[in-house]
Each structure stands twice: as C-alpha cells, then as structure tokens.
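Visitor: generate a structure from the sequence data that follows.
(chains A and B)
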Amino acid sequence: MTPRITLATGARVLTQLRHDPRTIALMLVVPSLLLALLWWIYDGGIVFDRIGPALLAIFPFLVMFLVTSIATLRERTSGTLERLLSMPTGKLDFLLGYAVAFGTVALVQALITASVAIGLLDLDTAGPAWLLVAVAVFDALLGVALGLFVSAFASTEFQVVQFMPALIVPQFLLCGLLVPRDQLPAFLEAVSDVLPLSYAVDAMSEVQQSADPAVWGQIGVVLGFSVALLALGAATLRRRTP
Amino acid sequence: MMNYAADDGPPAITIRGLRVARGAQTVLDDFDLDVRRGSLTGLLGPSGSGKSTLMRAIVGVQRTAGGTVEVLGRPAGDRELRDRVGYVTQAPSVYADLTARQNLRYYARVLGAPISDVDRAIEQVDLESHADHLVGRMSGGQRSRVSLATALLGEPEVLVLDEPTVGLDPVLRVQLWELFHRLAADGVTLLVSSHVMDEAERCERLVLLRDGALLADDTLPALLARTGAADAEGAFLELIEKADSEVSS
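Guide: From the prediction side, this is the model:
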C-alpha cells in the first residue's frame, strides 16, 4: 500500500463525481426530503423521533452501497482496474481510495441530513448530535465495503442493482425499524443479530434515547463487518485473470 | 535515456514454453519468443490468433498454464516491473467521466511520474486541443490516444501496445509510427500488434501468429526473400498456405 496512490485514487473518484452534479445533488438532498416526508406522515411526534435516527443510519448505507458497487463494476469491466493493478497500485490503495472518497461524501450527506432532522424537523435526541453523524459515516463505510465486495459477483449493472433487494432489503426489514428486534420471532431475532445494519440502527436508537449513549460497541461491530468485507473484496481483486 | 547498441545485452522479453488455456481451448501452446532490447517488433496475425493473450502474458495480467515469461530479467508482472512496462489494451482503459488531462494526472500520480509528463504525453499523441475534454465525449480514435498517452507516462523501458492505431486516420498513424521509432531509437523495447499488414512494413521485425502458434519471426526483407512475395500481406498468406499444406500432406 502507498499513501500517495490511495489518496490519488480517492481524489480521482471525487473528481469523477464532480463531473456528475446531478448525482451529487440526489445523494445530498434526497435523504433530507425523505426524512421530511416521514415527518409529515407521522405529523412530527414520537414515532418520528424513533424512526428518524434509524433512517439516518440506513440512507448512507444504501446510497454508498449503490454508488460503490456500480463504480467498481465499471472499473472491472472497462479495463481500468486491470490497468491500475498492472501499475504500482496495491489492492488496498484501490479499496481504501474508494472508502476515502465516498466516506467524505457520506460525511457531507450526514451533516446535511442531521442538520435538517434536528434543526428543521425538531428531531428529539437525548445524546449528542455529532454522534448521529459519526454513526452515519461508519454506516456509509459499511455500504462502501459491501458494494466493493458485491461488484465481484456481477457482470452487468442490471445484476449489481438486483443485489440491493437481495442484500439490503432483508437487513432493512430486520434491523428493528418495523418491529423492535427483541419482539421478532426468535429465529428472525437470531438472524438480525448477525446482520450489520442491526447494530448501526441500535447505535442510532441509543443516541436518541440516552443522554450518555454507549455506542462504541455497536460501532465496533459495524467497523468489524466493514473490515471483513474489505478483506473479502481485496481477495476478489486479481492481477492475473483468465 | 541511453542508446543501446544493436545487439547489446540480454533480450528484453524471453518466453519459453508458454501455455495459456481458456476453458478447454488452448490459446497458446509451447510458445517461445525473444525480443531484443530497443527493438520495434510487430505482432501480426488474424483476430483470434492469440496476439492479445500473448501481450497480456508479457504484462503479467494473464493467468498462464505453463512456461516462463521474463521481462527485463524479472518474471512478468513482477512488482519491480510495474512502472517499467507500459501497456495499452485494445479497448481504451481510461475514465470516460474525466477529461484527458485528469485521466493522465491520476495515472501519473499512481506511477509516481513527474506531473510535467502529462503535457509531454498529450503532445506526443497530438491531443493538445482536446486535453480538457471529457473522454466520454471523444471519438473512438481520440479515446484510444488518451489510453496510449497513459502508457507513455514515466519512463517505460518496455511498451506493449495492442492495436494502438486502430480507428486512426492515415496522417495520425504515420505520426504515431514515427513516435514508436523514436522511442525505439532511445532504447525503449516496443511490441506492437496490428492486423493491418501495411503497418508491418514499419517494423524492423515481424512476429506472425496463427492459431496460437508462431508462424514466422524475422525481418521483413528476410520474409519477402523466403516467400518470394512482394509485400508483408503476400508473405503472410504464402506462409499460411505453406503451413496448411504441410499439415495436410
């Protein structure tokens, strides 16, 4: 791994994004709009206070999964990945370059969404707001890691998009947003225990409910999943291909 | 860069008994080749003859099933070779959503090449007027020149170019071949594939491939003398005919 190449890769990914202002606008604005819609549906109130933080966890995960999986699939199919790996690029340079770039976007996204939720929509949280943003950024990294890994198993953009209902929606259904996890059927609760998004949403709920939230355990689990997925993703990057 | 004397030193590329299989099909079998340092070698053959596979093996991105490929005295694809061997694939491997200059700046940083190389490479492929255009909006020929410019960054000692002149107008093709000759004169070893036979006449040495086997490896005058043909295309057809009649008899 070479820091020069990692940072160059991160900067390059952000430059590519800069040429696509529509995608930037959608990434930054849509989460806030959805949150506002939810606020309207529940007329502010207690349910919004419970669901709002969970959505702050889900948006960056979902959005970063989609952009990363498609961007890296393009690198695999266009030959740019092969060219980079025939140069002094390390596999980690490539993976961490993406993590740096989309992690930065996620930070901006989380700052905007959290500001809208707390400032405009009066989302009530007992814990500090910056912790909501921190958890959101870790969720974004989880989405990046999962996207990088999944792109190895798709050969077209159609396929990669289909991984969203397959891998993201079950986590969404079981993360405690619809039914608290401890009220799920025992088997489903056990399944939700091994899904990373559950821990992200748990961390958000903790910040929402507790003035002195203990979230580092949950963040540790999310980070652990991200590192494991990045390692698996690195294993799918091959210098030599058939 | 320094000038190498005509027969100076060990070959830049040494291939012995190379075998590449794709599924049940054997693409290259028991393949041997030596490429002299500072030479400009043309790799010719019909599509599907194994040209691209051979080039991928030399760059070290091809999974092989046997044999050895050495480049500059190291196994192909070795860490030490990654900024000494430039490679251009047939399909341009550059980012469509970046400008030509942004593409080259990124690759220059990856290679650790000075940023001044970017302007030099853009000039070498005659792309100054389009340097700040998005690659995605360029014509096919312009895109492949951006891809070629990438391989000129840094100071590559070996250049492996897969059909670099395809889709280019005749003037530009002549310019690029002049560039290849200048690079070779400076000591760079070039291996250039083409399926356009008249380009062969610009190479000092020709390697003819057919069905994954070496059909000929010689200078153009020697090939013409051997086959009695008037040009490279005629020589190639003559050699194919001869090989076929040997198989059938």
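
Visitor: which stretches of chain A form helices?
Guide: Assigned by DSSP state H, the helices in chain A fall at A:3-18, A:21-41, A:45-78, A:80-86, A:91-115, A:129-150, A:157-163, A:169-174, A:186-193, A:196-209, A:216-236.

Visitor: do the same with chain B
Guide: Under DSSP H, chain B gives helices at B:51-59, B:100-111, B:116-124, B:140-151, B:170-185, B:197-200, B:220-227, B:232-248.

Visitor: any chance of those in TSV, plus mean pLDDT, distance to chain A and mean neighbour count?
Guide: In short, each C-beta sits where N, CA and C put it, glycine included. Shown next, in TSV, are these (pLDDT from 0 to 100; distance: least, C-beta to the nearest C-beta, whole Å; neighbours: other C-beta atoms under 10 Å in any protein chain shown):
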stretch	mean pLDDT	distance to chain A	mean neighbour count
helix B:51-59	93	5	24
helix B:100-111	97	4	24
helix B:116-124	95	13	17
helix B:140-151	92	7	23
helix B:170-185	90	19	16
helix B:197-200	74	23	18
helix B:220-227	88	31	16
helix B:232-248	82	28	15
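
Visitor: of those, which is nearest A:Ala200?
Guide: helix B:100-111 (32.5 Å; C-beta to C-beta).

Visitor: show me what the closest one is packed against.
Guide: Packing partners of helix B:100-111 (3 or more C-beta pairs under 8 Å, 6 or more residues apart in numbering or on different chains; DSSP states H and E): helix A:3-18, helix B:116-124, helix B:140-151.

Visitor: chain center to it: distance?
Guide: Taking C-alpha atoms, centre = their mean, to the nearest Å, one finds the center of helix B:100-111 at 21 Å from the center of the full chain.

Visitor: isn't A:Val201 right up against A:Leu55?
Guide: No. Using C-beta atoms under 8 Å, A:Val201 makes no contact with A:Leu55, being 9.2 Å away.

Visitor: find residues that contact each of those two.
Guide: A:Leu177 (C-beta atoms under 8 Å, 6 or more residues apart in numbering or on different chains).

Visitor: and the helices of chain A as TSV, adding mean neighbour count, mean pLDDT and distance to chain B?
Guide: Converted to TSV, the helices of chain A look like this (neighbours: other C-beta atoms under 10 Å in any protein chain shown; pLDDT from 0 to 100; distance: least, C-beta to the nearest C-beta, whole Å):
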stretch	mean neighbour count	mean pLDDT	distance to chain B
helix A:3-18	19	96	4
helix A:21-41	15	91	10
helix A:45-78	22	89	6
helix A:80-86	23	93	4
helix A:91-115	21	92	8
helix A:129-150	25	91	17
helix A:157-163	15	91	14
helix A:169-174	17	92	29
helix A:186-193	14	94	38
helix A:196-209	25	91	30
helix A:216-236	17	93	15
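
Visitor: what's the closest of those helices to B:Gly112?
Guide: Using C-beta to C-beta, the helices of chain A put helix A:3-18 closest to B:Gly112, at 6.9 Å.

Visitor: what's the angle between that closest one and helix B:100-111?
Guide: Here helix A:3-18 runs at an angle of 160 degrees relative to helix B:100-111 (axes from the mean of the first three to the mean of the last three C-alpha atoms, to 10 degrees).

Visitor: now the angle from helix A:3-18 to helix A:91-115?
Guide: Using the same axes, to 10 degrees: helix A:3-18 against helix A:91-115 is 50 degrees.

Visitor: run through the neighbouring helices and strands of helix A:3-18.
Guide: helix A:21-41, helix A:91-115, helix B:100-111.

Visitor: mind listing what the closest residue to chain A within chain B touches?
Guide: Closest residue of chain B to chain A, C-beta to the nearest C-beta: B:Ser93 (3.4 Å). Shown in contact with B:Ser93 (C-beta under 8 Å, 6+ apart): A:78-80, A:82-83, B:147, B:150.

Visitor: picking up where we left off before, in TSV: the helices of chain A, plus distance to B:Gly48.
Guide: Output for those, formatted as TSV (distance: least, C-beta to C-beta, whole Å):
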stretch	distance to B:Gly48
helix A:3-18	34
helix A:21-41	39
helix A:45-78	21
helix A:80-86	20
helix A:91-115	31
helix A:129-150	33
helix A:157-163	28
helix A:169-174	44
helix A:186-193	49
helix A:196-209	46
helix A:216-236	29
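
Visitor: out of these, nearest to B:Leu176?
Guide: Here helix A:80-86 is closest among the helices of chain A (C-beta to C-beta), at 19.4 Å.

Visitor: where's the closest residue to A:Leu232 other than its chain neighbours relative to A:Ala228, distance?
Guide: Excluding its sequence neighbours, the residue lying closest to A:Leu232 (C-beta to C-beta, 6 or more residues apart in numbering or on different chains) is A:Phe149, at 5.2 Å. A:Phe149 sits 9 Å away from A:Ala228, going by C-beta to C-beta, to the nearest Å.

Visitor: which neighbours do those two have in common?
Guide: Between them, A:Phe149 and A:Ala228 share no contacting residue, judged by C-beta under 8 Å, 6+ apart.

Visitor: what sits closest to B:Gly212 if chain neighbours are left out?
Guide: B:Gly50 (4.2 Å).

Visitor: can you pull the contacts of the one you found?
Guide: B:20, B:27-28, B:209, B:211-212.

Visitor: try it again at 6 Å.
Guide: Counting by C-beta atoms under 6 Å, 6 or more residues apart in numbering or on different chains, B:Gly50 touches B:27-28, B:209, B:212.

Visitor: against B:His133, how distant is it?
Guide: B:Gly50 is 35 Å from B:His133, by C-beta to C-beta.

Visitor: now A:Val194
Guide: From A:Val194 over to B:His133 (counting by C-beta to C-beta), the distance is 49 Å.

Visitor: do A:Ala126 as well
Guide: For A:Ala126, the distance to B:His133 - C-beta to C-beta - is 53 Å.
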